[in-house]
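> Fold the following.
(one chain, ligands or ions: 4)
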Amino acid sequence: MNLKEILSVLPYTTEIPNADTIEISSIEMDSRKVKSNSLFVCIQGFTVDGHDYIDEAIKKGAVVIVAEKKVKSNVPTLIVSDTIRFLAMASAKFYGFPTNKIPMIGVTGTNGKTTVTYLLEELFNHHHKKTGIIGTIQMKIGSDVFPINNTTPDSLFLQKTIRQMNSEGVDQVIMEVSSHALDLGRVYGCDFDIAVFTNLSQDHLDYHDSMDEYLRAKSLLFAQLGNSYDNTNRKYAIVNIDDPSSNIIRRSTAQPVMTYGLNVNADVRAENIILEASGTRFTLVTPIGDIEIRSRLIGKFNIYNMLAASSAALVSNIPLKIIQQSLASIEGVSGRFEPVDCNQNFSVIVDYAHTPDSLKNVLQTIKDIARNDIYVVVGCGGDRDRTKRPQMASIAVKYANRAIFTSDNPRTEDPQVILNDMTNGLTHNNYEVIQDRKKAISYAVNLAKENDIILIAGKGHETYQQIGLTKYDFDDREVASNAILAKEKR
Ligand SMILES: CC(=O)N[C@H]1[C@@H](OP(=O)(O)OP(=O)(O)OC[C@H]2O[C@@H](n3ccc(=O)[nH]c3=O)[C@H](O)[C@@H]2O)O[C@H](CO)[C@@H](O)[C@@H]1O[C@H](C)C(=O)N[C@@H](C)C(=O)N[C@H](CCC(=O)O)C(=O)O
Ligand SMILES: Nc1ncnc2c1ncn2[C@@H]1O[C@H](COP(=O)(O)OP(=O)(O)OP(=O)(O)O)[C@@H](O)[C@H]1O
Ligand SMILES: N[C@H](CCC[C@H](N)C(=O)O)C(=O)O
Ligand SMILES: [Mg+2]
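Ligands and ions are numbered 1, 2, ... in the order given. Got it, this is the predicted structure:
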């Protein structure tokens, strides 16, 4: 594509001479990826400033630079007011506006995004649609999986990926949209058809200045839902009416809203709920009829996830019967309430709860099914919201009989400082601190008696532990299995 075509995304006409004769081979935001005839966009990051890499980019073959400030360069250089926005729009143009060509569902909220996307994958697959998934665990095209760095990738990667999904025959994109992504313009220029809101509770206050700012970021997904007056391409917002923030979310969009929840006013709701250790049952009440649901997913919070997915399925014209079959067939989501079963006489559950609200929900669920003692092994991530640390610790000691506080991903923080943040204000003393996560898990496994339940929280599906800048192999499920087997050998 030539430069003139790419620059057509700008709200004005620029004066770069002969732009229509400059052929662009790729758009890059990382100088290390620049090749011959690339257009290099300078992004001011949190760690470094992309403007400092212009020389390297030109050396590697960049023929055009797009920057936010005056820079020295010997190739055509364009100054724009917002390179993040330019990157998103130019990438969308370069890859042929792929998000306009595939139905797109975006899921946002503090907890439940990954779970809802995998429920939706099951629903659409049962409806014979090929799905593309982008989220915390991985990127998926049909059943092919690819690793991913962020829950919601930057706009360049995103547009390229959705273009690939389009060319590989994906019928439905289902993606998690994090608040960071919304705030950092990673989804600018994406044409979402359905936006789903799960819930809002405390997280990421290291990044967002306040809960209001966090909510404002979440609401952007709804604000950017495009025009649906044309009946051929309708847009919908799917909103959890039971969440106190739902009003603001609903008021952020001009598109039709479908609400879900347990509230009688919800368009889609659950009635006759039965929560059991082996799964859940409820009546799914919808504007087009009711149907009985049985699922292996455990806990009230998963009813909300199922309602969110069912609502998005309904506005996508998926029949109730398919919703019923899909929710019955899904076994669970990797690292979410995942049992570690080595035939031991106590239970071990690995879960991704890493916020106060999710930890409370998962521990309450365990309390409801427990026949004996509950142990929780949990830590808090480094370089992340410090204010959630004491809250998570006090939830742990309140709901469990014994808490074992340990490291999550300390990243560049001192692990002991994180643990001190967790335990400093505690008034209970039913806890131990064992910094080494492997030792902490073994300790809990060795404590457990018949019918006890151990919850290992915070890292779920993760297969690494980041200490400093290094990621070491670490999988809670594997570490727990080994600890159980070692215990049984003794
Ligand atoms: C705080 C944050 O979001 N940081 C993101 C940001 O990194 P950064 O600002 O540090 O980037 P940087 O290293 O300063 O680089 C700035 C620019 O210089 C360029 N550069 C850099 C080096 C070089 O040699 N040459 C060069 O051109 C870079 O390509 C970039 O364009 O841009 C990177 C590329 O897009 C992201 O991967 C990175 O996410 C980091 C890894 C991260 O941990 N983000 C978390 C907080 C996050 O976004 N989480 C949410 C999920 C939260 C949830 O669901 O709970 C997510 O969506 O993942
Ligand atoms: N609807 C929900 N409400 C509250 N807690 C939930 C809900 N769904 C899941 N959880 C809890 O939150 C944890 C994370 O769930 P999930 O991975 O689906 O959320 P997420 O929003 O994708 O998280 P992340 O922001 O890390 O991507 C689960 O392991 C579970 O403990
Ligand atoms: N998407 C979340 C994941 C947190 C997972 C937890 N294990 C941690 O490392 O804090 C984040 O980046 O804040
Ligand atoms: Mg997620």
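
> When you work out contacts or count neighbours from here on, use the C-alpha atoms and nothing else.
Fine.

> shouldn't residue 346 be in contact with residue 455?
No: in this structure, residue 346 is not within contact of residue 455 by CA atoms under 8 Å, at 11.2 Å.

> Neighbour count for those two, which is higher?
For residue 346 versus residue 455, neighbours defined as other CA atoms under 10 Å are more numerous around residue 455 (27 against 18).

> wait, doesn't that one sit right on residue 351?
Yes: taking CA under 8 Å as the definition, residue 455 is a contact partner of residue 351 at 7.2 Å.

> Next, count neighbours for the spatially closest residue to residue 53 that is not a sequence neighbour.
Spatial nearest neighbour of residue 53, chain neighbours left out: residue 31 (6.1 Å); criterion: CA to CA, 6 or more residues apart in numbering. Residues near residue 31, counting by other CA under 10 Å, number 24.

> roughly how far apart are residue 31 and ligand 3?
Separation of residue 31 from ligand 3 (CA to the nearest ligand atom, to the nearest Å) stands at 25 Å.

> list the contacts for that residue?
With CA atoms under 8 Å, 6 or more residues apart in numbering as the criterion, the residues that contact residue 31 are 40, 50, 53-54, 56-57, 60.

> residues making contact with stretch 55-74?
With CA under 8 Å, 6+ apart as the criterion, stretch 55-74 contacts 24, 31-32, 34-43, 51, 54, 75-83.

> Would you mind checking the residues you listed for buried ones?
24, 31, 34-35, 37-43, 51, 54, 77-78, 83 (16 or more other CA atoms under 10 Å).

> what does this structure have sitting close to ligand 3?
354, 380-381, 408-409, 458-459 (CA under 6 Å from any ligand atom).

> can you pick the most crowded of those residues?
residue 380 (29 neighbours).

> and the gap between the residue nearest to that one when sequence neighbours are not counted and ligand 1?
Ranked by CA to CA, 6+ apart and with sequence neighbours excluded, the top spatial neighbour of residue 380 is residue 408, at 5.3 Å. Distance from residue 408 to ligand 1, counting by CA to the nearest ligand atom: 14 Å.

> what's the closest non-adjacent residue to residue 42?
residue 50 (4.5 Å).

> and that neighbour, what are its phi and psi?
With angles defined as degrees, to the nearest 10, residue 50 sits at phi -60, psi -20.

> Could I get the contacting residues of it?
Here residue 50 is in contact with 29-31, 41-44 (CA under 8 Å, 6+ apart).

> what residue ranges in the stretch 51-200 of the chain are flagged as low confidence?
In the prediction, the stretch 51-200 of the chain carries no residues with pLDDT under 70.

> which parts of it sit against ligand 2?
So the stretch 51-200 of the chain meets ligand 2 at 109-115, 136 (CA under 6 Å from any ligand atom).

> The closest residue to ligand 3 within the chain: what's it in contact with?
Nearest residue of the chain to ligand 3, counting by CA to the nearest ligand atom: residue 381, 3.3 Å away. Residue 381 makes contact with 407-411, 418 under the criterion CA under 8 Å, 6+ apart.

> so how far is ligand 4 from it?
To ligand 4, residue 381 is 15 Å away according to CA to the ion, to the nearest Å.

> likewise residue 280?
For residue 280, the distance to ligand 4 - CA to the ion - is 22 Å.

> my guess is that residue contacts residue 270, does it?
No: checked against CA under 8 Å, the pair residue 280 and residue 270 is beyond contact range at 11.1 Å.

> hey, what's in contact with both of these two?
Common neighbours of residue 280 and residue 270 (CA under 8 Å, 6+ apart) are residue 303.

> Please identify which of these two sits among more neighbours.
The residue with more neighbours, out of residue 280 and residue 270, is residue 270; 25 against 20, by other CA under 10 Å.

> Assumed that one was part of a strand.
Yes: counting by DSSP: H, G, I helix; E, B strand; the rest coil, residue 270 is found in a strand.

> Not counting its neighbours along the chain, what's nearest it?
Leaving out its chain neighbours, the residue that sits closest to residue 270 by CA to CA, 6+ apart is residue 284, at 5.0 Å.

> measure the nearest residue to residue 426 once chain neighbours are set aside to residue 458 for me?
For residue 426, ignoring the flanking residues on the chain, the nearest one in space by CA to CA, 6+ apart is residue 394 at 6.4 Å. To residue 458, residue 394 is 15 Å away according to CA to CA, to the nearest Å.

> same thing with residue 386?
Using CA to CA, residue 386 is found at 15 Å from residue 458.

> And residue 172, by the same measure?
30 Å.

> May I have stretch 398-409 exported as PDB, CA atoms only?
Included here for stretch 398-409 are C-alpha records, laid out as PDB according to Å, rounded to 0.1, in the frame of the first residue of the first chain:
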ATOM      1  CA  LYS A 398     -11.600 -14.500  57.000                       C
ATOM      2  CA  TYR A 399     -12.800 -17.200  54.600                       C
ATOM      3  CA  ALA A 400     -10.200 -19.900  55.000                       C
ATOM      4  CA  ASN A 401      -9.300 -21.800  58.100                       C
ATOM      5  CA  ARG A 402      -5.600 -21.200  57.300                       C
ATOM      6  CA  ALA A 403      -3.900 -18.900  54.800                       C
ATOM      7  CA  ILE A 404      -0.400 -19.500  53.400                       C
ATOM      8  CA  PHE A 405       0.800 -16.200  52.000                       C
ATOM      9  CA  THR A 406       3.400 -16.600  49.300                       C
ATOM     10  CA  SER A 407       4.800 -14.900  46.100                       C
ATOM     11  CA  ASP A 408       2.700 -14.500  43.000                       C
ATOM     12  CA  ASN A 409       4.800 -12.800  40.300                       C
END
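
> mean confidence for that stretch?
If you average the pLDDT over stretch 398-409, you get 98.

> List the neighbours of that stretch that are in contact with it.
Here stretch 398-409 has contacts from 360, 363-364, 367, 373-382, 393, 396-397, 415, 419, 430-437, 440, 444, 458-459, 465-467, using CA under 8 Å, 6+ apart.

> mind running it again at 7 Å?
With contacts defined as CA atoms under 7 Å, 6 or more residues apart in numbering, stretch 398-409 is touched by 363-364, 373-382, 396-397, 415, 430-437, 440, 458-459, 465-467.

> what's the answer for stretch 317-326, then?
By CA under 7 Å, 6+ apart, stretch 317-326 touches 122-123, 126-127, 291, 293, 310.

> Let's see that with 6 Å instead.
122-123, 293 (CA atoms under 6 Å, 6 or more residues apart in numbering).

> Now flag whichever of those is closest to residue 472.
Top of the list for closeness to residue 472, among the contacts of stretch 317-326 and by CA to CA, is residue 122 at 32.0 Å.

> I'd like to know how many residues surround the residue lying closest to that closest one once chain neighbours are set aside.
Excluding the flanking residues, the one nearest residue 122 by CA to CA, 6+ apart is residue 326, at 5.9 Å. Look at residue 326: counted by other CA under 10 Å, it has 24 neighbours.

> do the same with the one 3 residues further on
Taking other CA under 10 Å as the neighbour definition, residue 329 ends up with a count of 16.
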